[in-house]
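Enquirer: Can you look at this prediction? I've put the sequence above it.
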Amino acid sequence: MRQYAAEHDWLTIIQLPSYAPDLNPVEGIWSLMRRGPLANTAFSDEDHLERSLRRGLRHIQLRPHLIDGYLPETGLHLSRHPTTPRQGQ
């Protein structure tokens with residue numbers, strides 16, 4: 001990665017802390033997942049884990065207000081909800 005960045009002067013890499021919910025809204029999403037479909041579960045195999053992840057992420061995707069709750073901490077704003085189709089689609 002360092003070599004690639006060195007070869008592309010337009011690219012700036014910023015090292016973020018491993019856990020920074022105020023900088024990375026996905027931390028809030030993983031928090032929902034850990035408290036929801038992944039909580040207290042002993043996965044029997046990779047497929048069981050994948051199904052649980054997909055079900056949990058779909059639950060969140062269909063409820064954009066859950067995602068919106070984590071954005072104010074970051075100062076980021078969505079111009080539209082990802083689950084809302086764009087005009088002409």
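Expert: Perfect, thanks for sending it.

Enquirer: The closest residue to T41 other than its chain neighbours: what secondary structure?
Expert: Closest residue to T41 apart from its sequence neighbours, by CB to CB, 6 or more residues apart in numbering: S52 at 6.5 Å. Just so you know, the C-beta spots here come from the backbone N, C-alpha and C atoms, and that holds for glycine as well. Of the three states, S52 takes helix under DSSP: H, G, I helix; E, B strand; the rest coil.

Enquirer: pretty sure S52 contacts N40?
Expert: No - between S52 and N40 there is no contact under CB atoms under 8 Å: 11.6 Å.

Enquirer: And those two? Which one has more around it.
Expert: Each of S52 and N40 has its neighbours counted (other CB atoms under 10 Å); S52 has more, 16 against 4.

Enquirer: Please name the residues that touch the most centrally placed residue in the chain.
Expert: The centroid of the chain falls nearest to V26 when counting by CA atoms, centre = their mean (3.4 Å). Contacts for V26 (CB atoms under 8 Å, 6 or more residues apart in numbering) come out as none.

Enquirer: Next up, phi/psi of it, please.
Expert: Backbone geometry at V26, expressed as degrees, to the nearest 10, gives phi -70, psi -20.

Enquirer: Against L71, how distant is it?
Expert: Applying CB to CB, to the nearest Å, the value for V26 to L71 is 11 Å.

Enquirer: Now do the residue nearest to T41, the pLDDT please.
Expert: If you check S52, the pLDDT there is 93.

Enquirer: show me where the chain has helices.
Expert: Counting by DSSP state H, residue ranges of the helices within the chain are 2-7, 26-35, 46-61, 64-68.
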